[in-house]
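Student: fold the stuff below for me.
(one chain, ligands or ions: 1)
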Amino acid sequence: IRTAAVIPAAGRGVRLGPGAPKALRTLGGTPMLVHAVRAMAASRAVSLVVVVAPPDGAPEVRTLLDEHSFGRTELLVVPGGETRQESVRRGLDALPDGIDVVLVHDAARPLVPVDTVDAVIATVRSGAPAVVPALPLADTVKQVEPRPRGEAEPVTGTPERALLRAVQTPQGFDRETLLKAHDTVVEGEGATDDAGLVERLGAPVVVVPGHEEAFKVTRPLDLVLAEAVLARRRA
Ligand code: C5P
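Tutor: Below is the predicted model:
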């Protein structure tokens, strides 16, 4: 069974503040995307990584990645689209025959440990069509009626925290299931992750334990945390 990882890295990262596209921001002097590719290549099971670059940035991303070594893992770079879903779709379209298991991993989660990656792959290989790493929540979550920024928002409910999980990536899939989900679910129906598309198909999705260090670098404070995690690893 051959496994590939698709890394959508075409987002601009506006929430991180002004500057380069998010995946190209550096952590410990190395672009976040390079960390993310290494995190996938660290798994012995992953034979191919497909990086989905900003729509007009594929040649630059290729050049950047060629400056680094990823062991025996093969690398493809393809241009992305307007939305994350479109970007993932373009990555899937680039997969060669013979790949049976597909991971989808956000470039914005550069520090996911290899044990988490391997646990996701193992669970797919043992027969689960869709597998998501996830953690229990520290915060209580409220559902609200959204209002314009600055206005108080009425609370409409409080889901039971013990039943909630915050999901991470890499999410792992049986290739056929993920392709079918992308073919079937129409863009704009609000799925913010790939497993969400599979759920809409009615196929089972399971959760395995995620990892604290697989957090998503979204806001400026996340960069501070990511630098600290890297420094601790290097100590
Ligand atoms: O915006 P969000 O944090 O959900 O983005 C998650 C991942 O999807 C990031 O790695 C980002 O680069 C990627 N993305 C993409 N194409 C887009 C938008 C986001 O590849 N059009």
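Student: pLDDT value on Gly17, please?
Tutor: Looking at Gly17, its pLDDT reads 78.
Student: name the nearest residue to it, ignoring sequence neighbours.
Tutor: Counting by C-beta to C-beta, 6 or more residues apart in numbering, the nearest residue to Gly17 once its immediate chain neighbours are dropped is Pro220, at 5.7 Å. Just so you know, the C-beta spots here come from the backbone N, C-alpha and C atoms, and that holds for glycine as well.
Student: so for the strand or helix carrying Lys180, mean pLDDT?
Tutor: Lys180 belongs to helix 175-184 when assigned by DSSP states H and E. The average pLDDT within helix 175-184 is 95.
Student: packing partners of it?
Tutor: Here helix 175-184 touches helix 84-93, strand 99-104, helix 194-201, going by 3 or more C-beta pairs under 8 Å, 6 or more residues apart in numbering; DSSP states H and E.
Student: is the ligand within reach of it?
Tutor: No - counting by C-beta under 6 Å from any ligand atom, the ligand has no neighbours in helix 175-184; the shortest distance is 13.8 Å.
Student: the ligand contacts on the chain?
Tutor: Residues of the chain lying close to the ligand (C-beta under 6 Å from any ligand atom) are 8-11, 22-23, 52, 80-84, 87, 106-108, 218.
Student: of those, which belong to helices?
Tutor: Under the assignment DSSP state H, those contribute 84, 87 to helices.
Student: pLDDT score for Gly190?
Tutor: The per-residue pLDDT reported for Gly190 equals 67.
Student: before we move on, what about the one 4 residues further on?
Tutor: According to the model's per-residue confidence, Asp194 sits at a pLDDT of 95.
Student: number of nearby residues for it?
Tutor: 29 (other C-beta atoms under 10 Å).
Student: with adjacent residues omitted, what lies nearest to Thr192?
Tutor: Arg84 (7.7 Å).
Student: how many residues are close by that neighbour?
Tutor: Counted with other C-beta under 10 Å, the neighbours of Arg84 add up to 19.
Student: please apply the same query to Pro154.
Tutor: Neighbours of Pro154 (other C-beta under 10 Å): 9.
Student: for it, list the residues it contacts.
Tutor: Residues in contact with Pro154 (C-beta atoms under 8 Å, 6 or more residues apart in numbering) are 144-145, 147.
Student: now those in CSV, with neighbour count?
Tutor: Converted to CSV, the contacts of Pro154 look like this (neighbours: other C-beta atoms under 10 Å):
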residue, neighbour count
Val144, 11
Glu145, 8
Arg147, 10
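Student: which one of the residues you listed is nearest to the ligand?
Tutor: Relative to the ligand, the closest of the contacts of Pro154 is Val144; by C-beta to the nearest ligand atom it sits at 20.1 Å.
Student: any idea how far Ala119 is from the ligand?
Tutor: As judged by C-beta to the nearest ligand atom, to the nearest Å, Ala119 and the ligand stand 21 Å apart.
Student: wait, Ala162
Tutor: In this view, Ala162 and the ligand are 26 Å apart by C-beta to the nearest ligand atom.
Student: neighbours around that residue, how many?
Tutor: Around Ala162 there are 8 residues (other C-beta under 10 Å).
Student: check the secondary structure at it for me.
Tutor: Secondary structure, DSSP: H, G, I helix; E, B strand; the rest coil: Ala162 is helix.
Student: which stretches of the chain have low pLDDT?
Tutor: Along the chain, the parts satisfying pLDDT under 70 run over 188-190.
Student: where along it do the strands fall?
Tutor: With strands called from DSSP state E, the chain shows them at 2-8, 26-27, 30-31, 46-53, 74-79, 99-104, 130-136, 143-144, 155-157, 165-167, 171-174, 206-209.
Student: if anything else comes up later, I'll come back, but that's it for now.
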